[in-house]
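1. predicted model follows, preceded by the sequence.
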Protein chains: 2
Amino acid sequence: MSHPLDSFFKPRSIAFIGATERSIWTRAARVNVKVLNYEGKLHYVNRRGGEVLGKVAATSATAIGEPVDLALLMVPSEFLIDTLPDLQSAGIRNAVVLSSGFAEAGAGGQLQQQMLLDAARSAGIRLLGPNCLGFVNFVDRIPVWTVPIRGPVLPGRFAIVSQSGALAGQMSYFVQWQGLGLSYMVSTGNEADIDVAQVIDYLVDDPATQAIALFMETVRDAAGFGRAAERALQAGKPIVVLKIGTSEVTAKAAQAHTGSLVGDDRVFDAACRRYGLVRVKTLEQLIVTTELMARTGPLREGGLGVLSMSGGMCEIAADDAEALGMPLPELSTATVEKLRAALPDFGTPHNPLDITGAAMLKPELYEQAIDAMSSDPVFAAVLAVADAPSDTYDDGKFSRVIVEHVAAGQKRSVLPSLAVSHVMRPATAVTQEVIAATGVNYLPCGLHQAVLGFAAASRWSRRQRQGVAKMPAIEPATQRPQSEQQALEFLATRGVPVIPTRIVNSREAAIEAARAIGEPVVLKIASPDIAHKTDIGGVVLRLSGDAAVGEAYERILASVMKAQPGARIDGIVVLPMRGQGVELFVGTMRDPRWGAAIAVGLGGIWVEALQDTSLRLLPVTVTDVEEMLGELRGSKLLDGFRGAPAIDRKAVATVVAAIGDAALALGPQLVSLEINPILVSGSRVEALDALAIWDEAPASVSATQ
Amino acid sequence: MSHPLDSFFKPRSIAFIGATERSIWTRAARVNVKVLNYEGKLHYVNRRGGEVLGKVAATSATAIGEPVDLALLMVPSEFLIDTLPDLQSAGIRNAVVLSSGFAEAGAGGQLQQQMLLDAARSAGIRLLGPNCLGFVNFVDRIPVWTVPIRGPVLPGRFAIVSQSGALAGQMSYFVQWQGLGLSYMVSTGNEADIDVAQVIDYLVDDPATQAIALFMETVRDAAGFGRAAERALQAGKPIVVLKIGTSEVTAKAAQAHTGSLVGDDRVFDAACRRYGLVRVKTLEQLIVTTELMARTGPLREGGLGVLSMSGGMCEIAADDAEALGMPLPELSTATVEKLRAALPDFGTPHNPLDITGAAMLKPELYEQAIDAMSSDPVFAAVLAVADAPSDTYDDGKFSRVIVEHVAAGQKRSVLPSLAVSHVMRPATAVTQEVIAATGVNYLPCGLHQAVLGFAAASRWSRRQRQGVAKMPAIEPATQRPQSEQQALEFLATRGVPVIPTRIVNSREAAIEAARAIGEPVVLKIASPDIAHKTDIGGVVLRLSGDAAVGEAYERILASVMKAQPGARIDGIVVLPMRGQGVELFVGTMRDPRWGAAIAVGLGGIWVEALQDTSLRLLPVTVTDVEEMLGELRGSKLLDGFRGAPAIDRKAVATVVAAIGDAALALGPQLVSLEINPILVSGSRVEALDALAIWDEAPASVSATQ
């Protein structure tokens, strides 16, 4: 089955349009064609004709006179659009646009870019760029890349996709000296046409690509990105992403509370969690984690087994793994027995496993340890700390013998089993030779990067097993709840337990309602215009007796009308006073890029002062919400404290998931649905207050003052 | 002025005791002597005599017949002690002990080690080891190291000191391929005699050593370590430490609360903060941060200026710096003006500064940017992202020209100014040549490691300017407060504002006290045996009126006697009921290794459920405590919330520092002094409750039941 971008990324012939001998771009692109030994045909086009780098240049694409699959456009931006008719008449349907001066150069450039895209579309031409460095297909040895590729270039297991061409180049240098290879390297530039989402979609179908390293500045098409990411997850191909902008303070000017709790970056984080994208912080980690995950693929449930002949490294591994959230479970009894037989007397079977300096004289300890640990059901993968030699000065024989034993153990291992250098080091020709000769699964990235990689692989694998939450069949709501009362009533119809309330409009009715509900009660202003009722005296708690209830009714009205004279008032809500429990906050929001999202947090100061919330895109499953509760800094408070019972996390999660579905049922005009607080005591969960905010006021509202 | 260890680390002659041709240790040590071109004299001693590696071996140290400064002992552990008389009679006063099988091998080995130490002491011989790999003095080219040193070996700016010889070796390989050098590398092994503290003390006096990279498993002499660390801080020589054991759960079985809040690792962290040690998490970071700080030395107050020709790198730098707590302040107006003149039209003067791709054609932009930023008072240092070429495949000329401009800017800079590669990469011969030719201050460690390093340098420099808090002149307490009442009274004499209280022993006295103090009041059980009064009904709040006070008096007594019949009861404390405010917890503890320490936290759930405390060794200054308050996860709650006034952090810090001094005044028998809570409202600070715990009951106590 062919992918729409097949002919783009696998051209059998390429034309360099605007090729000149003086241009460093032309020369670099030409050198790359030689370095990769491109088997297709290469043509030069220069409107003045003449000779370019020893070859006659055609004066136009059409003048080439034979079919060309792809054009590399290196003409100045002002002439760019004019070249398209020539490409069209030459039958060229794919173009890489190196030229800059488009959207990245402000409003004028943005207009130019739109004109370029329109012209390309009407000419039936797909574009990569503008303002990109091109791409390299290492699998088929096809370079369309305008700065020098560092050699030697091994075909590899993963692809680099980057909105910055310069950083793609930087990453490829790191790949090279770490002794790794790439399947593809794609610089998407301004993404006038082809964007990262489409490139990911293409790579999901590419058999050589097992994982994708992504550098991003912005997501241009969130829906397409989500679709491509979900396909990659289903295909078991991890996407590891370094996205900048975490320090950007972009709190939204939203009317409601939830919006101000999260910035763009937290929403992107939520998208990563939904689609299982692995988010990293450094370029080094981006490359190493992607390569490691490309090698391991999805891991089974379980922890990491670590072994080293240095006790110090074992302890560093233990500290590092704990800090990074990678479990290092204890060995099973059977494994302890096996290892006790193999280890010297002074060794102790443990994870991380110190095989001791005895391995100097008895290197088969590495093999025995990998054998034992890789058949232990508590593990998902095994990591052996062992250096492959990297220069002739190394005690080559000694470390080589160790690597041979590691490789032998790895070959029998049913689990992913990796060897890693103690500290990051280069993979030299010597290293490559030892890897090739022994077949060892080895990375010279150092222990820390390997633990980072396994921690990511473990999290990603869990998401991969769960899959992305499917959009449930939700019956759309037929009306828009406005008041707190309406919002609670609507939630009740959607399976959310809500506190029983009555809305009253007189002192007498308040007293009667209090009697009916059972005292003590709470009285609360009901107004679509007042978000924070407590701050303006709109709430009175713990009321018993007719006099107290009646007095509170009057006091609330007076206080609110003084504080906010213009507010529409629907009446006063009477509800039972509830006892102790944990208060939670749940709020949905709508992100302009990613759509509906939901935040959960502990109520009160936790949300308001510390903004301690966990965020996900909607819909969420009960499992998702349980995970969210675990992410809260105050999470421990859910487990019972000072005699309070632990809350039933599953019961809470079921209610929160139902709130998410309820928000989706209210449709895209809903800005926010906030339930604050939800009171939880053991397995009793009850929404005490609700607020729905819409992005336009409905036509008919009777304002009560 | 000579240091006691001078002759140890600068021997003019060395004897290898137990040298044999078959031993890999002997051969490695011998190769190292050649590689470093050691200028002193080398002797072999083998009790059988004969020839070793082409040279006649003496049959004993005495038989050498000329003065020897240091012996490298490679004899089996069982013969080790027997060699000491020979060394003594030969006048050898320094010995490196390679042999293992001592304290690391259990109780028997521990005894052997003590015997070795005793024998060495009576023979007047200093020991490094046993179970160590030796040391290398790169400054004077003196290797006493028993595994191969990787060449080429440049003399460098910093020393590696490690309790693990294997990891010292691993670090030195990283040093080597990063193109760096070392002043010393010392493996301290079991530290029977010379420990890390003494080595640090020696290195503080070594002019070549500007910083120390320390790998530790345990601190054997905390007092000596503290003294050496303080000397290093005073000398402006940073110590960067990777200490394992962060994942160790070693909560102390302390009677009091504070002890259980902190483990060994948190106390070591507190020691690091006291002495300005920089704590790191990976071996790579250990090396890079130490080298970077050795180059910058103490930084002035201010942030980091970053410049790059890649916008993507600028944004990565911004994210990274924010996450790591390194401020990147905005440019001053004057700097903006200078840069506006230099940058192309589409560039924007900003920090991090994107000097744009225009630098490809105009590499002097690097120079101009460094000039402008390094004269901006907001900065403490300037970091330029620019690769030095690392292989011949690089566009050597282009990056070389950039490096030349960077170097020119750096030469004029009054601030520390570093260039760093985009991503970590090896320093090859080409790199070294460019560095030597241009004089550029460059590290190939990649941006992330450089930002980590500057963040550490900035924190360390602040501590360096402050210095270590001096032990104040504290008048020792003449008695030991036992009860809450006595503890509060004692605190009052030490400048801690405490709540006025009365202790009563009858219902009538309680009523009278409540009237005198002014109602509402709180009644609270007074007992040296009850730590958590609330849990057993020992506290009643908000009491007004004789009847309520009287009834509460009876109720508390009944409740407490039922819950804890054996408790000694001093009476009931009557104190005024205070209003709203922030509750803080302050507790001191005594660590068996590091001595007295103090923890500060927000009260209630913050301390009890979340263990959100900040810890320091005592004494603490007001500035220290202000820093501690800033470290709390709930720190934001101190800044005023929901209409509550912000607390006066300086006022709180003054009280906390006074509590620390009060605990010191109580002497080393004090296990813990806890003040929980301290109520703070604005600048009013008042201790409401106090508890002193002693490690032995005083002789005379009248038990009241």
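-> The structure has been received and is ready for your questions.
2. for the rest of this, base every contact and every neighbour count on C-alpha atoms.
-> Will do.
3. what segments of the stretch 501-650 of chain A are strands?
-> Assigned by DSSP state E, counting those that start in this stretch, the stretch 501-650 of chain A shows strands spanning A:502-504, A:521-526, A:539-543, A:571-576, A:582-591, A:595-602, A:613-617.
4. tell me the contacts of the closest residue to residue A:52 other than its chain neighbours?
-> Among residues not flanking residue A:52 along the chain, residue A:21 sits closest, at 5.4 Å (CA to CA, 6 or more residues apart in numbering or on different chains). Applying CA atoms under 8 Å, 6 or more residues apart in numbering or on different chains, one finds that residue A:21 lies in contact with A:27, A:52-53.
5. which residue of chain A lies farthest from its centroid?
-> Computed with CA atoms, centre = their mean, the residue of chain A farthest from its C-alpha average is residue A:547, at 56.9 Å.
6. for it, give its distance to residue A:363.
-> Residue A:547 is 87 Å from residue A:363, where distance means CA to CA, to the nearest Å.
7. helix or strand for the residue nearest to residue A:128 when sequence neighbours are not counted, which one?
-> In space, and not counting its chain neighbours, residue A:128 is closest to residue A:96: 4.7 Å by CA to CA, 6+ apart. Using DSSP states H and E, residue A:96 falls within strand A:94-97.
8. okay, buried residues for the helix or strand just after that strand please.
-> Per DSSP H and E, strand A:94-97 leads on to helix A:107-122 as the next helix or strand towards the C-terminus. Along helix A:107-122, these residues count as buried under the neighbour rule (16 or more other CA atoms under 10 Å in any protein chain shown): A:109-110, A:112-113, A:116-120.
9. who's in contact with helix A:107-122?
-> Contacts of helix A:107-122 with the rest of the structure, by CA under 8 Å, 6+ apart, involve A:80-81, A:84, A:101-104, A:126-127, A:130, A:192-193.
10. how about a cut-off of 7 Å?
-> Contacts with helix A:107-122, where a contact means CA atoms under 7 Å, 6 or more residues apart in numbering or on different chains, come from A:81, A:84, A:101-103, A:126, A:192-193.
11. about what we covered before: go through the strands of the stretch 501-650 of chain A and name the closest to residue A:332.
-> Across the strands of the stretch 501-650 of chain A, the minimum distance to residue A:332, taken as CA to CA, is reached by strand A:613-617, at 35.2 Å.
12. check which helices and strands the closest one sits against.
-> Under the contact definition 3 or more CA pairs under 7 Å, 6 or more residues apart in numbering or on different chains; DSSP states H and E, strand A:613-617 sits against helix A:264-275, strand A:595-602.
13. can you give me the angle that strand makes with strand A:595-602?
-> Angle, strand A:613-617 to strand A:595-602, by axes from the mean of the first three to the mean of the last three CA atoms, to 10 degrees: 160 degrees.
14. could you export strand A:613-617 as PDB, CA atoms only?
-> Output in PDB follows, covering the C-alpha atoms of strand A:613-617 (Å, rounded to 0.1, in the frame of the first residue of the first chain):
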ATOM      1  CA  THR A 613      -3.900  20.300  39.100                       C
ATOM      2  CA  SER A 614      -3.500  17.500  36.700                       C
ATOM      3  CA  LEU A 615      -4.700  18.100  33.100                       C
ATOM      4  CA  ARG A 616      -5.800  15.800  30.300                       C
ATOM      5  CA  LEU A 617      -7.500  16.200  27.000                       C
END
